[in-house]
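K.L.:
I'll drop the sequence and a predicted model, then ask my questions.
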Amino acid sequence: MNYFLSYRFDRRRGTLWRGTRQIDITRKAAGVLRCLIDGAGALVSHDEILSRVWPDTHVQPENIKVLVRELRRALGDDAQDPQFIRSEAGQGYAFLAPVSDAPARVATPKRVAVASIFVDHRDELARLQQCLADVERGENRLVLIEGERGSGKTALCDAFLQYASELPSVRTCYGQCVERADPADAYPSVVDAIHHLVRQFPSAIPQLLSRHAPGWLAQLSPWVADLTTPRRVPPSEPTRLISEFSALLETVAAEYISVVVLEDLHWGDFETIELLRALAHRHAPLRTLILATYAPHTTTVASAVMRNLAAELRASARCVSLSIEPLGKDEVHDYLVARFGRGPVESLTRTLHRVTGGNPLSVVVAADGLVAADCLHLVGETWRLRYSPRMIEGALPKEVLEVMLWRFQQLGPKDRATLETAAAIGVKFSAEQVATAGELETPVEMRQRLELLRQRGFIGQRGVARDDAQAPVFRFLHPAHADVLAAHAPALQQIRVAERLAHALDQEDRFA
């Protein structure tokens, strides 16, 4: 096993891991990575790579470029500023990261804060650790973690998995839902998690599945079944699968605690949600902690069902609900200090908070954008501002504007159209103005929608209307938000909104 930074590479199996999560790479890409690691720190020529990865086949050197691109994507590496693989034109490649045969010591808290979007969710992490302690005493726990995309749900789960995987009594696995073309697929995240277990314990888990959960074995890909000699069985009914999954966990519980992470269940299926409900009510000694994440405002039926499940189980001692809220100014300040050190960059706290709404992923990417645009630069060992905070805020680089747009693109169609309509009005707007200009909802419904968007960190509130003390005036957190939304709104929508605004003004003038 080779270890480098936060990754490890299983040379024998050709698998790449980050923490407890396997990163998919092809067999040939694994061969190239093995070759580069063997020559770490030195230039490995094209000819040497070709001779080792394709020993008996004549191929073009262009094939190496394709595989190096695949590795860079897997490692999150930047060809322009490489951390892992540097290319020498016409000569070969060099592996830059330090490689060892043993895992490095756990990173210091400061390094974790710099390297991850896991920003100031220490309370939530402590809550998960307490849940694990409860499970160690023989109880079962289901934790439902909700939050906007980029709020840090994945980073929280990664930090907890890293903690749990270091405990010898714990076995962890991870599954994820994706936005699917075929909604008929059942249990995609659970099957993914079982696959993860099989990859970690290829000799033990298939045998357990064969004895206790043959229906789940039938759900897996054929290569898993080939590891054992069970009789292939047809897919089971949901009730049978729930019973089998419980039996599997109970068998594992005789020796180990199980931690199962299922992510992005707003793209999930009803079967998985029913499985969670059944396990939450199960009284068998499963010694299992399940973490299930979802974005509660995603416009999917599964998201609504997950919200209902959270409400149903909230009173249950076996279920814990965690809501990941946007970062406050103090937390953004702490991130900047952890990443750039104390000094001039601290003065960007207000700007970065306004631009991102406190969304952790957006905070990190916006900071990256300021560095890429050379608004921040290193002088010796100290980060400095190339321009004043006021100049940076008044002329935000395109990299930061793209972060703004990305956040709004995560909204559902109605919420996005609402804010695009508000952008046509200006930086400040009322529910009545947006309802009139967009003809989307009644003023009362629009006020409720805007209030929810305010709670989610997409807009703010600036007092109340002069002629109606009950009517709040909303505002964009940063003027550039209105500019970005207006610039990317559909042209026909902009025309119709402009016509309605002009008509409303004309009516006001007529009766003034």
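P.N.:
Good, I have the coordinates.

K.L.:
Using CSV, write out every CA atom in stretch 51-61.
P.N.:
Backbone C-alpha positions of stretch 51-61 (Å, rounded to 0.1, in the frame of the first residue of the first chain) are rendered in CSV as follows:
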residue,chain,number,x,y,z
SER,A,51,7.0,-0.6,-21.6
ARG,A,52,5.5,-1.2,-18.2
VAL,A,53,1.8,-0.5,-18.8
TRP,A,54,1.7,-2.0,-22.3
PRO,A,55,4.6,-4.5,-22.2
ASP,A,56,3.5,-6.6,-25.2
THR,A,57,1.5,-4.1,-27.2
HIS,A,58,2.4,-1.2,-29.4
VAL,A,59,0.3,1.9,-28.6
GLN,A,60,0.6,5.6,-29.2
PRO,A,61,2.1,7.9,-26.5
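
K.L.:
which residue packs closest to Asp264, ignoring adjacent ones?
P.N.:
If the residues on either side of it in the chain are set aside, Asp264 comes closest to Cys177, at 4.6 Å by CB to CB, 6 or more residues apart in numbering. Where C-beta positions appear, they are placed from N, C-alpha and C, glycine not excepted.

K.L.:
tally of neighbours for Ile85?
P.N.:
The tally of other residues near Ile85 (other CB atoms under 10 Å) stands at 21.

K.L.:
Write down the beta-bridge partners of it, one by one.
P.N.:
Residues in a beta bridge with Ile85, per DSSP bridges, are Phe95.

K.L.:
who's in contact with it?
P.N.:
Residues counted as contacts of Ile85 (CB atoms under 8 Å, 6 or more residues apart in numbering) are 36, 68, 71-72, 75, 77, 93-96.

K.L.:
next one: Ala498
P.N.:
Applying CB under 8 Å, 6+ apart to Ala498 gives the contacts Ala424.

K.L.:
which SS class is it?
P.N.:
helix (DSSP: H, G, I helix; E, B strand; the rest coil).

K.L.:
swap in Arg171?
P.N.:
For Arg171, the reduced secondary structure class is strand; criterion used: three-state DSSP.

K.L.:
What degree of burial does it show, as a neighbour count?
P.N.:
Arg171 has 22 neighbours, counted by other CB under 10 Å.

K.L.:
same deal with His46?
P.N.:
For His46, the number of neighbouring residues by other CB under 10 Å comes to 15.

K.L.:
Surely it and Pro61 touch.
P.N.:
Yes. Because the distance of 4.9 Å satisfies CB atoms under 8 Å, His46 is recorded as touching Pro61.

K.L.:
what's the nearest residue to the residue nearest the centre of the chain if we skip its chain neighbours?
P.N.:
Within the chain, one residue has its C-alpha closest to the average C-alpha position: by CA atoms, centre = their mean, that is Thr154, at 4.6 Å. Nearest non-adjacent residue to Thr154, counting by CB to CB, 6+ apart: Glu263, 6.4 Å away.

K.L.:
hang on, that neighbour packs against Tyr174?
P.N.:
Yes. In this structure Glu263 lies within contact range of Tyr174 using CB under 8 Å: 7.5 Å.

K.L.:
so Gly460, which of the three states?
P.N.:
Assigned with three-state DSSP, Gly460 falls in the strand class.

K.L.:
can you give me phi and psi for the residue nearest to the centre of the chain?
P.N.:
Recorded main-chain torsions at Thr154 are phi -60, psi -40, according to degrees, to the nearest 10.

K.L.:
Can you name the next helix or strand after the helix or strand containing Val32?
P.N.:
With elements delineated by DSSP states H and E, Val32 resides in helix 27-38, which encompasses its position. Under the assignment DSSP H and E, the closest C-terminal helix or strand after helix 27-38 is strand 43-45.

K.L.:
If you count contacts, what does the helix or strand that that following strand is followed by end up packed against?
P.N.:
Going down the chain from strand 43-45, the next helix or strand is helix 46-53, by DSSP H and E. In this structure, helix 46-53 packs against helix 27-38, helix 62-75, strand 92-95, with contacts taken as 3 or more CB pairs under 8 Å, 6 or more residues apart in numbering; DSSP states H and E.

K.L.:
Just name the most buried of these.
P.N.:
Of these, the one with the most neighbours on average (mean count of other CB atoms under 10 Å) is strand 92-95, at a mean of 21.

K.L.:
what's the distance between that one and the middle of its chain?
P.N.:
For strand 92-95, the gap between its own C-alpha mean and the chain's C-alpha mean amounts to 31 Å (CA atoms, centre = their mean, to the nearest Å).

K.L.:
can you tell me the average pLDDT over it?
P.N.:
Strand 92-95 shows a mean pLDDT of 90.

K.L.:
So which bits of stretch 380-395 are buried?
P.N.:
Taking 16 or more other CB atoms under 10 Å as the neighbour-count basis, stretch 380-395 is seen to contain the buried residues 383, 385, 389, 392-393.

K.L.:
Okay, now the unreliable bits of the stretch 301-450 of the chain?
P.N.:
By pLDDT under 70, the stretch 301-450 of the chain has no low-scoring segment.

K.L.:
shared neighbours, Glu263 and Tyr174?
P.N.:
Any residue near both Glu263 and Tyr174 by CB under 8 Å, 6+ apart counts here, and that gives Cys157.

K.L.:
Count the neighbours of Asp368 for me.
P.N.:
15.

K.L.:
Just the CA atoms of the strand or helix carrying it, as PDB, please.
P.N.:
Using DSSP H and E, Asp368 falls within helix 360-372. C-alpha atoms of helix 360-372 as PDB (Å, rounded to 0.1, in the frame of the first residue of the first chain):
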ATOM      1  CA  PRO A 360     -19.200  26.800   2.800                       C
ATOM      2  CA  LEU A 361     -18.400  25.400  -0.600                       C
ATOM      3  CA  SER A 362     -18.900  28.800  -2.100                       C
ATOM      4  CA  VAL A 363     -16.700  30.400   0.500                       C
ATOM      5  CA  VAL A 364     -13.800  28.100  -0.400                       C
ATOM      6  CA  VAL A 365     -14.300  28.400  -4.200                       C
ATOM      7  CA  ALA A 366     -14.700  32.200  -4.000                       C
ATOM      8  CA  ALA A 367     -11.400  32.300  -2.000                       C
ATOM      9  CA  ASP A 368      -9.800  30.100  -4.700                       C
ATOM     10  CA  GLY A 369     -11.100  32.600  -7.300                       C
ATOM     11  CA  LEU A 370      -9.600  35.600  -5.600                       C
ATOM     12  CA  VAL A 371      -6.200  33.800  -5.500                       C
ATOM     13  CA  ALA A 372      -6.600  32.700  -9.200                       C
END
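
K.L.:
what's that helix in contact with?
P.N.:
Counting by CB under 8 Å, 6+ apart, helix 360-372 makes contact with 117-119, 149-152, 155, 327, 332, 335-336, 339-340, 348, 352-353, 355-356, 376-377, 392, 397, 399-400, 402-404, 406-407, all of which sit outside it.

K.L.:
next helix or strand past it?
P.N.:
The C-terminal neighbour of helix 360-372 among helices and strands, as given by DSSP H and E, is strand 376-379.

K.L.:
Can you list the strands that that following strand pairs with?
P.N.:
strand 382-385 (antiparallel).

K.L.:
Output the partner strand in PDB, but only the C-alpha positions, please.
P.N.:
Only the C-alpha atoms of strand 382-385 are listed here, as PDB (Å, rounded to 0.1, in the frame of the first residue of the first chain):
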ATOM      1  CA  THR A 382       2.400  36.300   4.200                       C
ATOM      2  CA  TRP A 383      -0.800  36.600   2.100                       C
ATOM      3  CA  ARG A 384      -1.400  40.200   0.900                       C
ATOM      4  CA  LEU A 385      -4.200  42.000  -0.900                       C
END
